[in-house]
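S.K.: give me a 3D structure for the following:
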Amino acid sequence: MIKTRLILAVAFVLVFAAGGSLGLVLARKPAPPERGPGSWLTQELNLSAEQREQMKKIWSEAMGEGFRRDSEQRRSFSQQRDQQIRDLMTSEQQAKYDAIQQEYAKHLEELSQQRKARFEEAVARTKKILTPQQVVKYEEMLKQREHGPGGPGGFRPRHRPTRPSSSRPSTEPATPRVEE
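M.R.: Predicted coordinates for the structure are as follows:
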């Protein structure tokens, strides 16, 4: 009986020690690779500085223009789909649908305002820890970011609700797009 308890105690201690050791090994993850446009390609292909610049130019042109074009097409397809659905509805159903869409637009706007406030607060806090030269550079970076997809806070929602029904079909968004 004592021998069994001793074996169980030793086994327990060994299992516990093995788990602790494994946890320490797994916790020591290598530093994440550099992030940014083409960074993984740069590393994998061992690109020269000139090749990195060319790669950056190629992909920013492709993604920038392609994103804008795709976004416009997505918006158009979404409006067409919404109108086709509305055409299937009775006036009463359209009124209910419009109420749902208005509530949805209201919630999206609230989220957008919250995100914008968090972003602006983070910008202010960031500026407090920077040197004057860094603040100038940071503000330049922020200006460039405003022209990118989505502006402050990231990408915009893909779908905007349609306006309440009327005697004519509507394909315009229910709420004006708020530029941040």
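
S.K.: lowest-pLDDT helix or strand in the chain?
M.R.: Least confident helix or strand, the chain: helix 2-27 with a mean of 67, by mean pLDDT, DSSP states H and E.

S.K.: who are the packing partners of the very next helix or strand once past that one?
M.R.: Next helix or strand after helix 2-27 toward the C-terminus (DSSP states H and E): helix 39-45. Applying 3 or more Cβ pairs under 8 Å, 6 or more residues apart in numbering; DSSP states H and E, one finds that helix 39-45 makes contact with helix 49-87. (Each C-beta comes from the backbone N, C-alpha and C, glycine too.)

S.K.: buried ones in the helix it packs on?
M.R.: By neighbour count on 16 or more other Cβ atoms under 10 Å, the buried set for helix 49-87 is 52, 55, 78-79, 82, 86.

S.K.: just those now: which is nearest Arg118?
M.R.: Of all those, Ser78 has the smallest distance to Arg118: 27.3 Å, by Cβ to Cβ.

S.K.: for the closest one, give me the pLDDT.
M.R.: pLDDT recorded at Ser78 is 93.

S.K.: got it, and the one 4 residues further on?
M.R.: As predicted, Asp82 sits at a pLDDT of 91.

S.K.: for Val136, give its distance to Trp40.
M.R.: Val136 sits 31 Å away from Trp40, taking Cβ to Cβ, to the nearest Å as the criterion.

S.K.: same deal with Gln80?
M.R.: 37 Å.

S.K.: go on, Trp59?
M.R.: 12 Å.

S.K.: likewise for Ile85?
M.R.: The value you get for Ile85 to Trp40, if Cβ to Cβ is used, is 41 Å.

S.K.: repeat for Lys116
M.R.: If you go by Cβ to Cβ, the gap between Lys116 and Trp40 works out to 31 Å.

S.K.: name the residue in these two with the higher neighbour count.
M.R.: The residue with more neighbours, out of Lys116 and Trp40, is Lys116; 15 against 12, by other Cβ atoms under 10 Å.

S.K.: tell me the buried residues in the host helix or strand of the more buried one?
M.R.: In this assignment (DSSP H and E), Lys116 forms part of helix 91-129. Buried positions in helix 91-129, judged by neighbour count with 16+ other Cβ under 10 Å: 94, 97-98, 101, 104-105, 108, 112, 119.

S.K.: pipe those into a markdown table and attach pLDDT and distance to Ile7 per row.
M.R.: Converted to a markdown table, those look like this (pLDDT from 0 to 100; distance: Cβ to Cβ, whole Å):
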| residue | pLDDT | distance to Ile7 |
| --- | --- | --- |
| Gln94 | 94 | 76 |
| Tyr97 | 94 | 71 |
| Asp98 | 94 | 74 |
| Gln101 | 93 | 69 |
| Tyr104 | 96 | 64 |
| Ala105 | 96 | 68 |
| Leu108 | 96 | 63 |
| Ser112 | 95 | 64 |
| Phe119 | 92 | 60 |
